[in-house]
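A.B. asks: Below are the sequence and a predicted model for it; my questions follow.
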Amino acid sequence: MTDRDTAFAEYFAARSDAMRGTAYLLCGDWHRAEDLTQVAFTKLYVVWDRVSRHEALDGYLRQTLFRVFLDDRRLGWWHRVRVTDRPLDAVSHDREPDDRIALLAALATVPARQRAVLILRYWEDLSVEETAALLSCTTGTVKSQAARGLQTLRTHLQTSSHSQATRTQT
């Protein structure tokens, strides 16, 4: 194994689980998340020697993952996505499993671009400016997409909690 391969393997081992978790939040399917993560890491491996600043690898990989997701979305994979009833491992376990499942189901109802903004802003904890740079859009677009995405989440969560309460009463 060359030094290049060793360095890449170490980076992959350190970051693959976190990237797969982010990919899962984007698509709602563990198998597809694995595919998205593998494609992103493959693209990184191809340019590994050309990446001059290895301290910027996380940003490059994150941007690649989001672009792979959005490209994949444009190509028509969305009809294959199913929200699972398995909660995300990385999500805090101090909430009820039903809350996590409801949140993941609601997140799946958010359009892809808005979902990408929400995950970058609130899961990856990036600033508006960093999110805009990653998605190649303006800060105003990030703000509006975040607001719309949060509204979609709220609406879905309120609707699902109302229907759950109605079923419980009957």
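C.D. replies: Happy to help now that I have it. Only a predicted model underlies this, so the values are computations on that prediction, with no experimental measurement involved.

A.B. asks: Now do the domain split for the chain, please.
C.D. replies: As recorded under automatic domain parsing, the domains making up the chain are 1-82, 95-170.

A.B. asks: Quick one: distance of the first one to the chain centre.
C.D. replies: Right, the one you point to is domain 1-82. Mean C-alpha position of domain 1-82 versus that of the full chain (CA atoms, centre = their mean, to the nearest Å) differs by 11 Å.

A.B. asks: Just the mean pLDDT for it, thanks.
C.D. replies: Domain 1-82 shows a mean pLDDT of 83.

A.B. asks: Please point out which parts of the helix or strand in which Ala147 is found sit buried.
C.D. replies: Assessed by DSSP states H and E, Ala147 sits inside helix 139-169. By 16 or more other CB atoms under 10 Å, the buried positions in helix 139-169 come out as 141-142, 145-146, 148-150, 152-153, 156-157, 160. Where C-beta positions appear, they are placed from N, C-alpha and C, glycine not excepted.

A.B. asks: Show me the two of the residues you listed that sit farthest apart.
C.D. replies: Using CB to CB, the buried residues of helix 139-169 span at most 28.1 Å, a distance reached by Thr141 and Ser160.

A.B. asks: ok, which stretches of this protein are helices?
C.D. replies: Taking DSSP state H as the test, the helices found in the chain are 3-27, 30-46, 57-74, 97-108, 112-118, 128-135, 139-169.

A.B. asks: looking at those, which is buried most?
C.D. replies: helix 112-118 (a mean of 22; mean count of other CB atoms under 10 Å).

A.B. asks: Who are the packing partners of it?
C.D. replies: helix 3-27, helix 57-74, helix 128-135, helix 139-169 (3 or more CB pairs under 8 Å, 6 or more residues apart in numbering; DSSP states H and E).

A.B. asks: Other residues contacting that helix?
C.D. replies: Contacts of helix 112-118 with the rest of the structure, by CB atoms under 8 Å, 6 or more residues apart in numbering, involve 25-26, 66, 69-70, 73, 78, 107, 110, 131, 135, 142, 145-146, 148-150, 152-153.
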